[in-house]
Every structure is written in C-alpha cells, then in structure tokens.
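[1] What follows is a predicted protein model with its sequence.
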Amino acid sequence: MRRLRDLVPGDRRAWATLGLWLALAALLAVFIAFAQDVYQHEGFAFDAPLLGWLHALARPRLTALARALSAIGEPPVVGTATALVVMALLLARRWRRALAFALEVGGAAALTLVGKAFFARPRPTLYPHMVVETNYSFPSGHATGDLAFYLALHLLAWHTLPGRWRWIGVAGLLLALVIGASRPYLQVHYPSDILAGWAFGAAWVLGVHLLVARRRPPA
C-alpha cells in the first residue's frame, strides 16, 4: 500500500481516477467472460431458470409496466435525449463535455450493433415474446444503451451540477437497471444479455470519461 501511494498522488482526485480505472478493468473482464461463452455457443446455467421464473411471475399489469419501461428505453428515445443533452452542452460552450457525452452514449449504441452482428445470438424461444423484436440478442441494446446514457448523465451531473441536483443521475441509473430487467421479463432477452450489456455500457462510459471528459489537475 505504501508503494502504491508513492506512485499515485495523495489527493482525492487521483484516488478517484484510480478507482474508475479499476472499475473499468473489472467491468471489461465481466463482459469478456460473457462474450467468450456466447462466442463458443456455451449456455449459462441461470438463463433458463430465470426466464421460467419471470414467465411464472407474469401478470397483466406487470406486463403493461414492463412494456412501458421497454418503450422508454428504445433507441429513438435515448437518441433524442442524448441529442438534447449534447445541444444544451454546446450552447453552454462546454465543448469537452458535449464531445464526451456524445461519444459515451453514441459509441455504446454503435458498438452494440456491431456486437449483435458479430455474435449473432438468437433471442430466447422458451416462452412467447411479449414485444416484437427482429434483431439479435447479445448484447442487449436496451441494457447497454440505457445504462450508458444514465451513467453518462450521472457523471455529467456530478461534475457540473451543485448539491442535491447531482442525485438526478443516481435516479437515472436505477431507472436504467429497471428498464434492463424488463427485457427478460418480456422474454426477448436472456438475463446474460442484460448483464453483459450493463457491464459493457458502464465500461465504455468510464473509458470515454477518463480519456475525454476528465481533465488532469493543473501541475
């Protein structure tokens, strides 16, 4: 621990940056573990039991709520919200923040499409789908895109808004988790798709944030 402190400056900003890098590495490791098994067409023992449990849990009101949550997380909705945030940052002349936010959310969405085409994992067919989906399953676009958007919003709020307003981002992160959880309930994603999407979305945002948005303290 003493040697580590000698290598890293002793201020809070430096330790926070180190923590973000460690979190990024851990999230990438989680995603790679999932991706490797999907690429090798290996299943996950927890997918089928969880889908069965969610199917047994289905109720009309819960299904309506899950569909509404899924609609909130659709790419056009997230894309429009992202464009509005970027425009607001540009009007405020926060050029670095605008670029970072666009890369954090837009890059996650673009790489998700690449991942879907590469892994070409079919959607689950154990139970009827409750919404219509036509593309591949891994990683989940809702899980990746929504977590990327709300985590980017959280980081933006934490650095630019005062006091209690910072907690808006925390509420958004909770919403992203609920939206992601609605997808296996609707039987259009395996739970592993969601977990991998969350891991990748968070890793991507942290990476962009560290490389683009987070400025180094003055010498």
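    Thanks, I have the structure now.

[2] Verify the stated contact: residue 27 with residue 197.
    No. In this structure residue 27 lies outside contact range of residue 197 using C-beta atoms under 8 Å: 11.3 Å. Using the backbone N, CA and C atoms, a C-beta is placed for each residue, glycine as well.

[3] Tell me which of the two has more neighbours.
    When neighbours are counted by other C-beta atoms under 10 Å, residue 197 comes out ahead of the other of residue 27 and residue 197, with 29 against 20.

[4] can you tell me which helix or strand that one belongs to?
    Take DSSP states H and E as the rule and residue 197 turns out to sit in helix 191-208.

[5] What's the mean pLDDT across that helix?
    When the per-residue pLDDT values of helix 191-208 are averaged, the result is 95.

[6] So which residue is smack in the middle of this protein?
    Taking C-alpha atoms, centre = their mean, the centroid of the chain lies closest to residue 147, which sits 2.8 Å from it.

[7] Show the contacting residues for that residue.
    Counting by C-beta atoms under 8 Å, 6 or more residues apart in numbering, residue 147 touches 173, 176-177, 180, 197-198, 201-202, 205.

[8] Tell me how far it lies from residue 90.
    Distance from residue 147 to residue 90, counting by C-beta to C-beta, to the nearest Å: 24 Å.

[9] sorry, back to before: and which of the contacts of residue 147 is nearest to residue 136?
    Minimum distance to residue 136 across the contacts of residue 147 is 12.4 Å, recorded for residue 197 (C-beta to C-beta).

[10] what's near enough to touch the closest one?
    Counting by C-beta under 8 Å, 6+ apart, the residues that residue 197 touches are 112, 139-144, 147, 180.

[11] Which of these sits closest to residue 21?
    residue 147 (18.8 Å).

[12] Is the closest one part of a helix or strand, or is it coil?
    What DSSP: H, G, I helix; E, B strand; the rest coil gives for residue 147 is helix.

[13] nearest residue to it other than its sequence neighbours?
    Nearest residue to residue 147 in three dimensions, chain neighbours excluded: residue 201, at 3.9 Å (C-beta to C-beta, 6 or more residues apart in numbering).

[14] how much space is there between that neighbour and residue 148?
    Separation of residue 201 from residue 148 (C-beta to C-beta) stands at 4 Å.

[15] what do the two both touch?
    Taking C-beta under 8 Å, 6+ apart as the criterion, residue 201 and residue 148 both touch residue 108.

[16] These two: who's more crowded?
    Using other C-beta under 10 Å, the more surrounded residue of residue 201 and residue 148 is residue 201, with 34 against 30.

[17] so what's the more buried one up against?
    Taking C-beta under 8 Å, 6+ apart as the definition of contact, the neighbours of residue 201 are 108, 143-148, 151.

[18] switch to 10 Å and redo it
    Residues in contact with residue 201 (C-beta atoms under 10 Å, 6 or more residues apart in numbering) are 27, 31, 104-105, 108-109, 111-112, 139-152, 176, 180.

[19] Just these: which are in helices?
    27, 31, 104-105, 108-109, 111-112, 141-152, 176, 180 (DSSP state H).

[20] Checking the closest residue to residue 192 other than its chain neighbours next. Helix, strand or coil?
    Nearest in space to residue 192, with sequence neighbours left out and distances taken as C-beta to C-beta, 6+ apart, is residue 44 at 4.6 Å. Secondary structure of residue 44, reduced to three states by three-state DSSP: coil.

[21] wait, doesn't residue 44 sit right on residue 124?
    No. Residue 44 is not in contact with residue 124 according to C-beta atoms under 10 Å; the separation is 11.4 Å.
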